[in-house]
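*Asks:* what follows is a protein structure lacking sequence information:
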């Protein structure tokens, strides 16, 4: 039996190999060598191991625990000795010192890996000796030992070293015991965490039979919020393992409870895993149950919950994606591809177009199916109102005939009106003298309104407030108008108020004339509404008109001056007609905007919340980087909605493309090529190309996103549109920072791909000069990739039978590189020649006629680095071609003569490559360039 030299030799090298390097040379003071000296006792190696493994000195036991792996290597050849060592390890695991147990547990994964690689009976030995140690340490009273055992258990599972039988029969029962309601709090929290980490490494059957029900119980733990928080954070992993049926039956009720937990940290964890949970449910559950739940999280009182919800909103929307709707699917390599069209697709498109046109007509006609609830499976359980669902907005911002909670678009308009109303910021609130204009023409309609006014005056006569106001329940009297004018007197320095005072003054004079007319003739008073005298509705409309800044500044008619009664009547009628036309135009515009945001792929409220992420108010109340998260998930949302619903996202995308934060624009720049695939060539040319052009002129941080996928974007454009970018490729050579060489490196890589998109004439006229400029770059990495670009251009020219252009390009290469005064240029020429031969870019007779003489001339170059590449090109590439290998070749003598000189070169590296076997690739000389 070989002795344990590791324990007996007094040498620090051996100690370092054993893992004792942490102790250093100062350990001589405690005489480690005293028990490592082989001459101190007559014990066998196993006896000495036994002695020090159970020594009274804690340090000795730590040394043995840390070196167990090396001890096993010494005894691995003998079965009996190996079993003795493993039994010693099992007894050491019961050591009363926590540091010894922690040292031992740190070595368990390494020991297990060694046994797995070297022992034929690994499963039996591992299950018998090591698994019980790991399981027992999960309940160790020392926190460090427990943490170490948990980490070791995860490593063993990740490496696949623990069998299913050990997991189900030894590990899971301990975890179930530690997670019982009566278990200690610290043990329970740790056990839940380790159980949630283990679930991804277990099979579905194991999780369902052993852990699923206990996990559901832990989700409802009312005593320890830490347990609920761990469950919420790992909820998605459990759903992914157990599948859709168990998720909807057992886990969904618990998820609802966690999403409404009293602690914001738990709700935040639910928002973060919402997408994973959604992927494990059916489309019906996703739409009817998860969508309202997510809306609640977005509207949560905690800012951190709202922030997490908005960050997950785009990913949650992407779970609604249906390839049958989008027409796209992901291939095995992860690229987005278009589904092959079938014959019935055009019919489906016709049906979709018909349905969408019908929905638009229904909206215009005022059907009960409002924009806010286009489907029966709407998020809110509110019933659509009967009658006309007019989209005229009331003063409170809600839509007429609809409940407030079902009109998020109206709330947005209300916020805008409130935000940009100058009265809220520059002066104290004024009495409300505006109302919705309702012009009723005809004697019959006037009579109906007068009857309603009479009834309203009877019911509200005693409940009037003292604050002066002009309302629609009766004609404004001169005393009421005078009170309003008195209230406006302190604000006459404001132009808006001045214009309003002018209108009210005119109304006051009209009211006085009206009272005189009523005293003279009652019949004239009855026909007052049709003769041009202003009613309270008209006065309110006029005052509302005066509050519009654009009309005050641009239209002199917004502040009329009365000359006489007839002139006043005509001007007032014109004003009323103008107000009516403007109101109709605004209403039509509002309808059009709301209609453009309607779709039926996802719940409308989810889309409305997503579109609101570009609202500046969101950055103040939710997250300063909310626009970046919106930009990041926009391709996924666009894929979900499909190109037929791109109109819903177009305005949002344009807003993000002009965001002041360059990180937002950079995010869009990196994904614009994927969005182009989703939208197709027509929408790309119409909506994405202008934004793409803007990115080309942006900061380098944004341009790099466009540049990295330049080929992917250009190949989606039509040839005529693609050709326009030839003139702009040169602009990529200019960067904000000249040291940003990776930008130019990326340009060269993209140009290699772009060559196939253009004709040989365009390549020669535009890309050739860019390639030559890149070949002269200061950074060698850029030059090296640019030489490959030059070779690709030459191959393109000869592949298109453009021999004249190819010959001109070759002559330019010879003048620029072969005759370059700097050795770097001449070295580059040798590399280009080798690449041309290896890639078969041109016929070998053309190469021999135009390039080979210049290459042979460099065999006597004074710089060894040039001769090295010449030797490599001749020996490994040129002479391997049959055209030059043939003994009857016209160039064989010249090649052999050049190689003979290189074999006798004074430089060792040149001689090496001149005599090297072509099939032996010893080094890559590209690094020399």
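*Replies:* Cool, the structure landed. Note that the coordinates shown come from a computational prediction; the quantities given were computed from them, not determined experimentally.
*Asks:* next secondary structure element downstream of the host helix or strand of residue 266?
*Replies:* Assigned by DSSP states H and E, residue 266 falls within helix 264-272. For helix 264-272, the succeeding helix or strand toward the C-terminus, using DSSP H and E, is helix 274-279.
*Asks:* next helix or strand past that next one?
*Replies:* Counting by DSSP H and E, what follows helix 274-279 is helix 283-285.
*Asks:* which elements pack onto that following helix?
*Replies:* Applying 3 or more Cβ pairs under 8 Å, 6 or more residues apart in numbering; DSSP states H and E, one finds that helix 283-285 makes contact with no other helix or strand. From N, CA and C alone the C-beta is placed, and that goes for glycine too.
*Asks:* what's the pLDDT at residue 783?
*Replies:* For residue 783, the pLDDT comes out at 93.
*Asks:* pull the contacting residues for the closest residue in space to residue 144 that isn't next to it in sequence.
*Replies:* With sequence-adjacent residues excluded and distances taken as Cβ to Cβ, 6 or more residues apart in numbering, residue 144 is closest to residue 102, at 5.2 Å. Residues in contact with residue 102 (Cβ atoms under 8 Å, 6 or more residues apart in numbering) are 142, 144, 145, 148.
*Asks:* again, but for residue 294
*Replies:* Residue 294 sits next to 271, 274, 309, 313, 316, 606 when contact means Cβ under 8 Å, 6+ apart.
*Asks:* count the residues that sit near the fourth one.
*Replies:* Residues lying near residue 313 (other Cβ atoms under 10 Å) number 28.
*Asks:* pretty sure it contacts residue 613?
*Replies:* Yes. With contact defined as Cβ atoms under 8 Å, residue 313 counts as touching residue 613 (7.4 Å).
*Asks:* between those two, which contacts overlap?
*Replies:* residue 629.
*Asks:* how about the helix or strand encompassing residue 619, which residues are buried there?
*Replies:* Using DSSP H and E, residue 619 falls within helix 616-621. Going by neighbour count (16 or more other Cβ atoms under 10 Å), the buried part of helix 616-621 is residue 618.
*Asks:* now do stretch 840-849
*Replies:* 841, 842, 844, 846, 847, 848.
*Asks:* residue 241 and residue 230, how far apart?
*Replies:* 16 Å (Cβ to Cβ, to the nearest Å).
*Asks:* of these two, which one has the most company?
*Replies:* Using other Cβ under 10 Å as the criterion, residue 241 and residue 230 rank with residue 230 on top: 25 against 21.
*Asks:* you'd agree that one is up against residue 188?
*Replies:* No. Counting by Cβ under 8 Å, residue 230 does not reach residue 188; the two are 10.1 Å apart.
*Asks:* follow-up on the earlier one: kindly reformat the buried residues of stretch 840-849 as CSV containing secondary structure.
*Replies:* As requested, these are arranged in CSV below (DSSP: H, G, I helix; E, B strand; the rest coil):
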residue, secondary structure
841, coil
842, coil
844, helix
846, helix
847, helix
848, helix
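*Asks:* kindly indicate which of these lies nearest residue 681.
*Replies:* Here the nearest of the buried residues of stretch 840-849 to residue 681, counting by Cβ to Cβ, is residue 841; it sits at 32.2 Å.
*Asks:* element containing the closest residue in space to the closest one that isn't next to it in sequence, please.
*Replies:* Using Cβ to Cβ, 6+ apart and skipping the chain neighbours, the partner closest in space to residue 841 is residue 795 (3.8 Å). According to DSSP H and E, residue 795 maps onto helix 780-799.
*Asks:* contact partners of that helix?
*Replies:* With Cβ under 8 Å, 6+ apart, helix 780-799 has contacts from 741, 744-745, 748-749, 751-752, 755-756, 760, 763-764, 767-768, 771-772, 774-777, 803, 805-806, 809-810, 813, 824, 828, 831-832, 835-836, 839, 841-843, 846, 926, 929.
*Asks:* so for stretch 179-195, mean pLDDT?
*Replies:* 85.
*Asks:* for residue 137, give its distance to residue 174.
*Replies:* From residue 137 across to residue 174, the span is 10 Å (Cβ to Cβ).
*Asks:* who has more neighbours out of those two?
*Replies:* Per other Cβ under 10 Å, whichever of residue 137 and residue 174 has more neighbours is residue 137, with 23 against 16.
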